[in-house]
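K.L.:
Need a 3D model of the following:
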Amino acid sequence: MPENLQVISHPLVQHKLSLMRKKSTSTQSFRTLIREVGTLLAYEVTKDLPLIYEEIETPLMKMNAPFLEGKKLCLVSILRAGNGLLDGFMELLPSARVGHIGLYRDPETLVAVEYYMKLPDLINQRLVLALDPMLATGHSSAAAVTRLKENGAKNIRFVCLLAAPEGIEYFNEAHPDVPIFVAAVDDRLNYYLYCSWIRRCRRFGFLIKK
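P.N.:
Okay, here's the model as predicted:
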C-alpha cells in the first residue's frame, strides 16, 4: 500500500462501519451512521492542523490561546455520494466552506464526466477535504481531484469509507501528492458490493442522478 494511505482504525469508526455494511440496517440507521462516521473521520483527518497563538482575556486572566491558522477549511462533496459524509464533517466544522463536484461514469467509455461544479473562493489558500464514501475503480475520484487542482487547490486530502486496492492504486498513480484517509480497505474490487452500496446510497438520498 502507498505511503500516503492512512486507514482510520478507531474502534468507533470500525464498529459503525460494520453496522452500515449489514443488510438489515434500516434507512434511518444508515443515515445516522454515515453522519456519525463522518464526524469521527473529521477528527482524524484534521488532527495535525497548524495552530497559532493569540492573546485573549478569560474571566480570570489573560492567556495565549491556540487558534487554527490560515483560511477556513474547504469541504468538497464529490457527487454523487459525498453528501452523507459532508453532513458529518459539518457537525465538527460548521464554519468550513463547502463545494460540490458532480460526476457520472460514461457507460461505454467508463470515463468520468463532469456535470456540475461549484467551489468556494480562494481555494488555493485552503486545505481541501474531498469527500466520497467509496474509492472503487478510482476514476471518478481521481477526476474530481484533477478538477480541484485545475481550479487552484494545492493542499488536498481525500477521504472515503471503503476503498478497493485497485482504486487506491489508480488514484495514487494519478495523485501521489494527495493523502488518502479511509475507514477500511477491502481485499479486492467487488462490483456487486460496490453496486449495492451505490443502490443503498441512492435509496437513502445521498446520490444525485444525472
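
K.L.:
per-residue confidence at the residue nearest the centre of the chain?
P.N.:
What sits nearest the mean C-alpha location of the chain, by Cα atoms, centre = their mean, is residue 131, with 2.1 Å. Model confidence at residue 131, given as pLDDT, is 96.

K.L.:
so it bridges to which residues?
P.N.:
Beta-bridge partners for residue 131, by DSSP bridges, are residue 77, residue 159.

K.L.:
Out of the helices and strands in this structure, which is least certain?
P.N.:
Lowest mean confidence among the helices and strands of the chain (mean pLDDT, DSSP states H and E): helix 191-203, at a mean of 54.

K.L.:
All the helices of this protein, residue numbers only.
P.N.:
11-21, 27-45, 83-92, 139-150, 165-174, 191-203 (DSSP state H).

K.L.:
Which residue is the nearest non-sequential neighbour of residue 51?
P.N.:
With sequence-adjacent residues excluded and distances taken as Cβ to Cβ, 6 or more residues apart in numbering, residue 51 is closest to residue 66, at 4.3 Å. C-beta coordinates here come from the backbone N, C-alpha and C atoms, glycine included.

K.L.:
low pLDDT regions in the chain?
P.N.:
Applying pLDDT under 70 to the chain flags the ranges 80, 110, 188-210.

K.L.:
if we go to 80?
P.N.:
The chain contains residues with pLDDT under 80 at 1-2, 80-81, 104-112, 187-210.

K.L.:
rewinding a little: for the helices of the chain, give me a markdown table that also has distance to residue 98 and mean neighbour count.
P.N.:
Converted to a markdown table, those look like this (distance: least, Cβ to Cβ, whole Å; neighbours: other Cβ atoms under 10 Å):
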| stretch | distance to residue 98 | mean neighbour count |
| --- | --- | --- |
| helix 11-21 | 23 | 16 |
| helix 27-45 | 13 | 19 |
| helix 83-92 | 7 | 20 |
| helix 139-150 | 13 | 20 |
| helix 165-174 | 22 | 18 |
| helix 191-203 | 19 | 14 |
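
K.L.:
Surely residue 14 touches residue 182?
P.N.:
No: in this structure, residue 14 is not within contact of residue 182 by Cβ atoms under 8 Å, at 11.8 Å.

K.L.:
quick one: the residue nearest to the centre of the chain and residue 87 touch, right?
P.N.:
No: between residue 131 and residue 87 there is no contact, the gap being 10.0 Å when judged by Cβ under 8 Å.

K.L.:
Give the residues shared as contacts by the two.
P.N.:
residue 38 (Cβ atoms under 8 Å, 6 or more residues apart in numbering).

K.L.:
Give me the number of neighbouring residues for the closest residue to residue 50 other than its chain neighbours.
P.N.:
Nearest residue to residue 50 in three dimensions, chain neighbours excluded: residue 69, at 4.4 Å (Cβ to Cβ, 6+ apart). By the criterion of other Cβ atoms under 10 Å, residue 69 has 10 neighbours.

K.L.:
residues contacting residue 69?
P.N.:
49-52.

K.L.:
got it, and residue 51?
P.N.:
Applying Cβ under 8 Å, 6+ apart, the residues contacting residue 51 are 66-69.
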